[in-house]
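> Okay, predicted coordinates and the sequence, questions at the end:
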Amino acid sequence: MFKILKYSFYDVLRSRWTVLYFLFFLVSTFALLYFSGNMSKGIVSLMNVSLTIIPLISTIFGVMHYYNSREFVELLLSQPIKRSDIFIGQYLGLSFSLSLSFVAGTIIPFIAYGIFVSSEVWNFSLLIFTGAILSFIFVGLAFLISILNENKIKGFGIAILMWLCMAVVYDGLILMVFISFNDYPLEKAAVLMVNLNPIDLSRIMILLKLDISALMGYTAAVFNQYFGTTNGMIMSLLSLLGWIVFPVLLFNFFAKRKDF
């Protein structure tokens with residue numbers, strides 16, 4: 001599995017699209033820090049960009065990589081190699097390369113602005129961590145969608161629809177639920193609904209750490225009220241790890257039984 005991971009990692013890292021992904025975060029982070037004027041505002045601005053762009057790019061890259069590597073996978077399947085090693089190796093290689101591009105593109109500007117001698121170093125570290133986690137989550141979801149759909153157009157469509165629902169539609173649906181049932185105690189339902197969306201979970205983790213209550217939505221406020229900062233962080237972390245493990249297990253399950 002390590003050899004496949006290494007090959008996939010360097011193959012994706014050499015791609016011009018990965019370089020553009022790195023340059024996007026490099027330029028946008030420098031711009032956000034320059035125009036925001038301080039570290040805290042820069043982290044919040046970068047959070048808003050990252051929580052939209054990382055899931056989108058990871059989803060698109062994941063679907064493209066799966067469909068474009070079909071011939072390579074078929075060649076590997078003819079060799080005495082475990083199927084799980086092939087697919088998990090490809091998944092990890094792509095996820096690590098996208099995470100590295102994001103981390104490198106954001107950490108270089110912050111180092112130039114002196115993040116490691118600033119009081120915001122831990123908040124920035126959390127932003128980097130959640131961004132990397134989201135890369136692993138949405139690559140896994142993209143692989144799962146792709147293996148369940150032979151048709152490329154259908155696979156791309158479902159993947160983009162999934163991203164659109166999680167990044168844009170989901171918060172509106174939560175708001176509609178709470179407006180429609182505002183006479184009922186919905187705190188526990190709010191916590192459950194937050195756990196069903198990794199983008200919301202990541203946002204909550206960062207906002208709880210930054211302690212910016214004015215920027216927190218209703219679901220994040222309930223999360224903070226019921227679990228506190230420390231417990232909320234632990235629960236968010238476990239939920240995000242679950243979002244990584246569960247799609248990969250499903251993807252591996254279907255890959256072992258799929259006739260290529």
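Yep, it's here.
> who are the neighbours in contact with the residue positioned nearest the centre of the chain?
What sits nearest the mean C-alpha location of the chain, by C-alpha atoms, centre = their mean, is L134, with 1.5 Å. Listed by C-beta atoms under 8 Å, 6 or more residues apart in numbering, the contact set of L134 reads S50, L51, I54, P55, S58, P198, I199, S202. In short, each C-beta sits where N, CA and C put it, glycine included.
> Does it lie in a helix or a strand, and which?
Here L134 is covered by helix 121-147, with elements defined by DSSP states H and E.
> Touching whatever helix or strand comes next after that helix from outside, list them.
Counting by DSSP H and E, the next helix or strand C-terminal to helix 121-147 is helix 152-164. Applying C-beta under 8 Å, 6+ apart, the contact partners of helix 152-164 are 55-56, 59-60, 62-63, 66-67, 138, 141-142, 145-146, 149.
> swap in stretch 46-60?
So stretch 46-60 is contacted by 21, 24-25, 28-29, 32, 95, 98, 102, 106, 127, 130-131, 134-135, 137-139, 141-142, 159-160, 162-163, 166-167, 198-199, 202-203, 206 (C-beta under 8 Å, 6+ apart).
> tally of neighbours for K256?
K256 is flanked by 11 other residues according to other C-beta atoms under 10 Å.
> how about the strands in the stretch 1-150 of the chain?
With DSSP state E, counting those that start in this stretch as the criterion, the stretch 1-150 of the chain has no strands.
> what's around the nearest residue to A255 once chain neighbours are set aside, how many residues?
In space, and not counting its chain neighbours, A255 is closest to F87: 4.6 Å by C-beta to C-beta, 6 or more residues apart in numbering. F87 has 24 neighbours, counted by other C-beta under 10 Å.
> now the helices for this structure?
Using DSSP state H, the helices found in the chain span residues 2-13, 16-36, 39-68, 70-77, 83-112, 121-147, 152-164, 170-180, 187-195, 198-210, 218-257.
> any chance of the ones you listed in a markdown table, plus mean pLDDT?
Shown next, in a markdown table, are the helices of the chain (pLDDT from 0 to 100):
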| stretch | mean pLDDT |
| --- | --- |
| helix 2-13 | 85 |
| helix 16-36 | 93 |
| helix 39-68 | 92 |
| helix 70-77 | 82 |
| helix 83-112 | 93 |
| helix 121-147 | 93 |
| helix 152-164 | 94 |
| helix 170-180 | 80 |
| helix 187-195 | 77 |
| helix 198-210 | 82 |
| helix 218-257 | 78 |
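> Show the buried residues in the contacts of helix 152-164.
Buried subset of those (neighbour count, 16 or more other C-beta atoms under 10 Å): P55, T59, I60, G62, V63, Y66, F138, L141, A142, I145, S146, N149.
> give me every residue that touches the fourth one.
To tie it back to what came earlier, the one meant is G62. G62 sits next to L94, F138, V139, G140, L141, A142, F143, S146, A159 when contact means C-beta under 8 Å, 6+ apart.
> correct me, but the fourth one touches F251?
Yes: judged on C-beta atoms under 8 Å, G140 makes contact with F251 at a distance of 6.5 Å.
> joint contacts of these two?
Common contacts of G140 and F251 (C-beta under 8 Å, 6+ apart): Y91.
> what's near enough to touch the closest residue to L26 other than its chain neighbours?
Spatial nearest neighbour of L26, excluding adjacent residues (C-beta to C-beta, 6+ apart): G105 at 4.3 Å. By C-beta under 8 Å, 6+ apart, the contact set of G105 is Y21, F22, L23, F24, F25, L26, T29.
> can you pull the pLDDT of L215?
We have a pLDDT of 51 for L215.
> re the thing from before, list buried members of the contacts of G105 by neighbour count.
Buried among the contacts of G105 by 16+ other C-beta under 10 Å: Y21, F22, F24, F25, L26, T29.
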